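J.: model this:
(one chain, ligands or ions: 1)
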Amino acid sequence: MKAIQVGLIGLGTVGAGTFHVLQRNQAEIRGRAGRGIEIAMVSARNAERAKAYQAIVGDGVPCVGDAQQLVNNPAIDIVVELIGGIEPARSLVLQAIANGKHVVTANKALLAVHGTEIFEAAREKGVVVAFEAAVAGGIPIIKALREGLTANRIEWIAGIINGTTNFILSEMRGKGLDFATVLKEAQRLGYAESDPTFDIEGVDAAHKLTLMSAIAFGVPVQFDKAHVEGISSLQATDIKYAEQLGYRIKLLGITRRRMDGNGVPAGTSGIELRVHPTLIPSSRLIANVEGAMNAVVVQADAVGTTLYYGKGAGAEPTASAVVADLVDVTRLHTADPDHRVPHLAFQPDAMSDTPILEMADVHTAFYLRLVVADQPGVLSRITTILAEHDISIDAVLQRESGEGERQTDLIILTHDTVEGRMNEALAKMQGLPTVLAPIVRIRKEELA
Ligand code: HSE
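T.: Take a look at the predicted model:
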């Protein structure tokens with residue numbers, strides 16, 4: 001059978017990786033896909049890069065500057081979009097779909113924000129939009145959630161899905177350094193971008209979490225409802241205290257379905273969708289994922305707990321996911337669209353309208369650090385406020401004050417509570433004259 005024809009938009013790190021993996025493993029890939037997968041055209045805006053690749057691929061594979069030429073090329077069956085960002089990626093993807101082409105993309109931001117529009121357009125045209133590379137790079141987590149775990153009711157997912165921030169947190173813990181110092185080092189080593197905002201403020205992780213949540217629970221992608229909090233204000237002190245209490249701090253993306261019944265009060269069901277620094281017990285496998293690695297834990301009713309670990313970025317790990325999608329699409333190219341795996345795992349008429357919960361309705365435990373006057377009655381006033389809000393304490397740690405020192409750090413771990421209740425308690429505690437600085441609050445999950 002004639003090889004399937006691919007148009008590759010973007011010759012950056014992942015584009016180049018995809019090109020190399022396809023070339024190097026072409027015999028095995030053909031054996032698995034049932035036909036060859038050939039790059040028929042590439043597009044790159046960077047003229048230097050385009051020239052360098054033209055030299056490698058030869059004149060048989062045209063390299064164009066305008067990607068419109070590629071998405072409108074009738075010879076191309078699958079468009080691979082690897083430029084990232086919203087525009088022009090959105091217009092190019094929609095144009096490719098309108099032209100009846102399948103799309104493979106690594107673009108988490110595009111799908112997390114415009115997924116509903118893009119999947120609907122693809123459904124109407126009977127084409128596939130595949131996006132394994134958009135979440136956790138080389139880890140086949142989309143495949144696992146959408147197909148491998150399809151027998152299960154998924155209960156929750158918790159993931160380290162941003163390598164840059166995990167690298168920074170690992171260095172902060174390992175070397176006792178502060179955030180700003182480690183960020184500079186991460187930029188020097190090429191782990192963090194010169195503008196690291198999307199990574200360090202949790203936006204990149206929230207894009208990926210939004211996609212996993214939609215697939216796990218059969219809800220539309222709703223990035224605008226995600227709670228997004230990064231690590232830029234995390235202090236080395238809290239990493240140290242957490243460690244003393246048997247916890248590590250990780251930037252986790254957490255999505256959990258809470259349904260009425262089973263201890264969940266009527267009217268409070270919904271889906272939690274949140275990215276924030278989180279204390280997790282050091283004994284959990286995921287707590288020991290260090291450096292730029294990614295890992296995702298999935299809790300599901302039949303299989304129990306499963307853990308997926310690997311490289312979440314980089315040329316060939318991400319290319320591994322892109323090429324896997326290319327093989328999938330190639331196998332499905334001639335299949336009846338109704339018999340393909342749905343984009344978001346559930347058939348369009350089986351999608352759910354379960355709401356995404358407000359952060360105030362989320363159930364979680366907390367780590368609190370209070371700088372307090374070291375005098376009688378301080379602890380009891382604080383514990384009284386927590387008790388009045390029905391918040392149960394799990395552990396308390398007080399730093400030993402130095403000679404003549406009149407203030408100290410008080411660390412409190414709580415059991416699970418409702419975030420809104422904790423917000424009220426925090427406001428009351430902050431108002432005490434013996435609480436001398438803004439209270440640090442970090443969420444805590446046992447992931448049991
Ligand atoms: N910048 C991301 C990370 C990789 O640090 O994990 C691409 O999403």
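
J.: Can you pull the residues of the stretch 51-200 of the chain lying near the ligand?
T.: Residues of the stretch 51-200 of the chain lying close to the ligand by CB under 6 Å from any ligand atom are Asn162, Gly163, Thr164, Asp199. In this view, the C-beta of every residue, glycine as well, is placed from N, C-alpha and C.

J.: Tell me how many other residues crowd the residue nearest to the first one when sequence neighbours are not counted.
T.: In this case it means Asn162. In this structure, Asn162 finds its nearest non-sequential neighbour in Ala205, 4.3 Å apart by CB to CB, 6 or more residues apart in numbering. For Ala205, the count of nearby residues is 30 (other CB atoms under 10 Å).

J.: one step back: got CSV for the residues of the stretch 51-200 of the chain next to the ligand, with pLDDT and neighbour count too?
T.: Formatted as CSV, those follow (pLDDT from 0 to 100; neighbours: other CB atoms under 10 Å):
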residue, pLDDT, neighbour count
Asn162, 98, 31
Gly163, 97, 25
Thr164, 97, 24
Asp199, 97, 26
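
J.: what two of the residues you listed have the greatest distance between them?
T.: Gly163 and Asp199 (8.3 Å; CB to CB).

J.: What are the buried residues along the strand or helix carrying Gly174?
T.: Assigned by DSSP states H and E, Gly174 falls within helix 163-175. Judged by neighbour count using 16 or more other CB atoms under 10 Å, the buried positions of helix 163-175 are Gly163, Thr164, Thr165, Asn166, Phe167, Ile168, Leu169, Ser170, Glu171, Met172, Arg173.

J.: Beyond that helix, next helix or strand please.
T.: Moving toward the C-terminus from helix 163-175, the first helix or strand encountered (DSSP H and E) is helix 179-188.

J.: residues making contact with that following helix?
T.: Outside helix 179-188, the residues within contact range by CB atoms under 8 Å, 6 or more residues apart in numbering are 164, 167-168, 171-172, 175, 177, 192-194, 196, 200, 231-236.

J.: following it, which helix or strand shows up next?
T.: Helix 179-188 is succeeded, C-terminally, by helix 197-200 (DSSP H and E).

J.: and that next one, C-alpha only, in PDB?
T.: Extracted in PDB, the C-alpha atoms of helix 197-200 (Å, rounded to 0.1, in the frame of the first residue of the first chain):
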ATOM      1  CA  THR A 197       6.000  32.000  33.300                       C
ATOM      2  CA  PHE A 198       3.900  29.200  31.900                       C
ATOM      3  CA  ASP A 199       6.000  26.500  33.600                       C
ATOM      4  CA  ILE A 200       6.600  28.100  37.000                       C
END
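
J.: counting contacts, what elements does it pack onto?
T.: helix 163-175 (3 or more CB pairs under 8 Å, 6 or more residues apart in numbering; DSSP states H and E).

J.: The helix or strand bottoming out on mean pLDDT in the chain: which residues count as buried?
T.: When the helices and strands of the chain are compared on mean pLDDT, DSSP states H and E, helix 47-57 comes out lowest with a mean of 77. Within helix 47-57, the residues that count as buried by 16+ other CB under 10 Å are Arg49, Ala50, Tyr53, Val57.

J.: Could you export those to TSV, including columns for distance to Leu379?
T.: Formatted as TSV, those follow (distance: CB to CB, whole Å):
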residue	distance to Leu379
Arg49	62
Ala50	66
Tyr53	66
Val57	69
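
J.: before we move on, back to that, check the average confidence over the following helix or strand past the least confident helix or strand of the chain, would you?
T.: The helix or strand immediately downstream of helix 47-57 is strand 63-64, counting by DSSP H and E. Mean per-residue pLDDT for strand 63-64: 90.

J.: quick one: strands adjacent to strand 63-64?
T.: Paired with strand 63-64 in the same sheet, following DSSP bridges, are strand 37-43 (parallel).

J.: what's the strand it pairs with in contact with?
T.: Contacts for strand 37-43 (CB under 8 Å, 6+ apart): 3-11, 15, 19, 22, 26, 29-30, 50, 53, 57, 61-67, 69-70, 73, 75-76, 323, 326-327, 330.

J.: Low-confidence regions, the stretch 251-400 of the chain specifically.
T.: For the stretch 251-400 of the chain, applying pLDDT under 70 flags the ranges 261-267.

J.: need the residues of it near the ligand, please.
T.: Counting by CB under 6 Å from any ligand atom, the stretch 251-400 of the chain sits next to the ligand at Gly312, Ala313.

J.: For the ligand, what's its nearest residue on the stretch 251-400 of the chain.
T.: Nearest residue of the stretch 251-400 of the chain to the ligand (CB to the nearest ligand atom) works out as Ala313 at 3.7 Å.

J.: Return the residue of the protein that is most distant from the centre.
T.: Gly404 (46.9 Å; CA atoms, centre = their mean).

J.: give me every residue that touches Arg331.
T.: Counted by CB under 8 Å, 6+ apart, Arg331 has contacts Ala33, Gly34.

J.: Could you identify the helix or strand that succeeds whichever strand or helix holds it?
T.: For Arg331, the host element (DSSP H and E) is helix 315-332. Heading C-terminal from helix 315-332, the first helix or strand you meet, by DSSP H and E, is strand 363-373.
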